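Q: I would like to see how this sequence folds:
(one chain, ligands or ions: 1)
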Amino acid sequence: MVNPHHILAKKTPAADKKKVVVQYFDAIGPRYDLADTFMSFGLHFFWRRAALKYLPIKTGYRILDLCGGAGEFARRIAGTGTRGMSVVCDLSRSMLAAGKSNSAEKPCENPIQWVQSDAEQLGFAEKSFDAVIVGYGIRNLSDVTLGLREIHRVLIPGGKLVIMEFSIPRSRWIRILYHWYSFGVMPGFGRLITGEDAPFIYLAESIRKFPSPKKVQEVIASAGFIRVTCQPLSNGLVTVYSAIKQETARTKK
Ligand SMILES: C[S@@+](CC[C@H](N)C(=O)[O-])C[C@H]1O[C@@H](n2cnc3c(N)ncnc32)[C@H](O)[C@@H]1O
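A: This is a model prediction of the structure:
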């Protein structure tokens, strides 16, 4: 496996970074959900519930679960009982395969489509979705601004963007514990569950390299979104961002 320090170096070309990130997820795909639950001590259930509160799930919804992996969010949306359709889009074949197989075992009330595509170059027409949710995915993009512009393009005017992403805890003591856990414990834990440690070293490193919530809000706004909010969860271990694609004067009623 490629050294995560190498792919996070500024001089690494974006295409190489993307290839390695996808290799990491391809390697852990079948055990990703298990790793997510164990390594977050089950907290991700609470974080996901909190993020979904920002998502408008109305009859006839068309929601994109971008960088959706095994479709954790899409499955929750499809199980709400409200009629509609979700699309999981991810670059990793193995993550998508894990999601499809989970869905085949436990079918949801509503259809889920699985699409292999690059978030920075989406194969969907403009205004295809009412809402887009991105769970722990935006940090993995080689060019976050490009990804946000693509999301903006595929959303309808007035459509909602919800991003759930790791961030650095606010309290100094929790930060110390968190650094110890993510660099000292998590890679070993990850190896035990998935057989790989590089993806988890990458996870810990990429969280540190990702901009602060304040900066992320600015980047979202500069991609054309309005009403950008940010909500820290669990002392800021995770942050949920929400934003709206501005309606143009002509589309406003
Ligand atoms: C940490 S996983 C998150 C999976 C899921 N969203 C969740 O909530 O558990 C990040 C996902 O982003 C995907 N990814 C990374 N870069 C991508 C890109 N450029 N386009 C599409 N998916 C990408 C990876 O393949 C991986 O499945």
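
Q: How far does stretch 48-62 stretch from one end to the other?
A: Its first and final residues considered, stretch 48-62 spans 19 Å by C-alpha to C-alpha, to the nearest Å.

Q: what's the offset of that stretch from the middle of its chain?
A: What separates the centre of stretch 48-62 from the centre of its chain is 15 Å, taken as C-alpha atoms, centre = their mean, to the nearest Å.

Q: repeat for stretch 37-54
A: For stretch 37-54, the distance to the chain centre is 12 Å (C-alpha atoms, centre = their mean).

Q: now do stretch 198-208
A: On C-alpha atoms, centre = their mean, the centre of stretch 198-208 falls 15 Å from the chain's centre.

Q: which element is the residue nearest to Met164 when sequence neighbours are not counted on?
A: Counting by C-beta to C-beta, 6 or more residues apart in numbering, Met164 lies nearest to Ala51, which is 4.2 Å off, once chain neighbours are set aside. Where C-beta positions appear, they are placed from N, C-alpha and C, glycine not excepted. Following DSSP states H and E, one finds Ala51 within helix 43-52.

Q: Next: Trp114.
A: strand 112-116.

Q: what do you get for Ser103?
A: Going by DSSP H and E, Ser103 is part of helix 93-105.

Q: and the direction of that helix versus that of strand 112-116, what angle?
A: If you take axes from the mean of the first three to the mean of the last three C-alpha atoms, to 10 degrees, helix 93-105 sits at 170 degrees to strand 112-116.

Q: is helix 93-105 anywhere near the ligand?
A: Yes - using C-beta under 6 Å from any ligand atom, we find that helix 93-105 touches the ligand at Met95.

Q: which outside residues touch that helix?
A: The contact list for helix 93-105 (C-beta atoms under 8 Å, 6 or more residues apart in numbering) reads 25-30, 32-33, 68-71, 74-75, 88, 90, 112, 114, 116.

Q: thinking in terms of the whole chain, how far from its middle is that helix?
A: With C-alpha atoms, centre = their mean as the basis, helix 93-105 stands 17 Å off its chain's centre.

Q: right, and the helix or strand after the helix or strand bottoming out on mean pLDDT in the chain?
A: Lowest on mean pLDDT, DSSP states H and E among the helices and strands of the chain sits helix 4-7, with a mean of 63. Next helix or strand after helix 4-7 toward the C-terminus (DSSP H and E): helix 14-28.

Q: Let me see the mean pLDDT of the following helix or strand past that next one.
A: Following helix 14-28 in sequence order, the next helix or strand is helix 32-39 (DSSP H and E). Mean pLDDT, helix 32-39: 91.

Q: Okay, angle between helix 32-39 and helix 93-105 too, please.
A: For helix 32-39 against helix 93-105, the angle by the same axes, to 10 degrees is 90 degrees.

Q: which of the residues in helix 32-39 are buried?
A: Applying a neighbour-count criterion of 16 or more other C-beta atoms under 10 Å, one finds Tyr32, Asp33, Ala35, Asp36, Met39 buried in helix 32-39.
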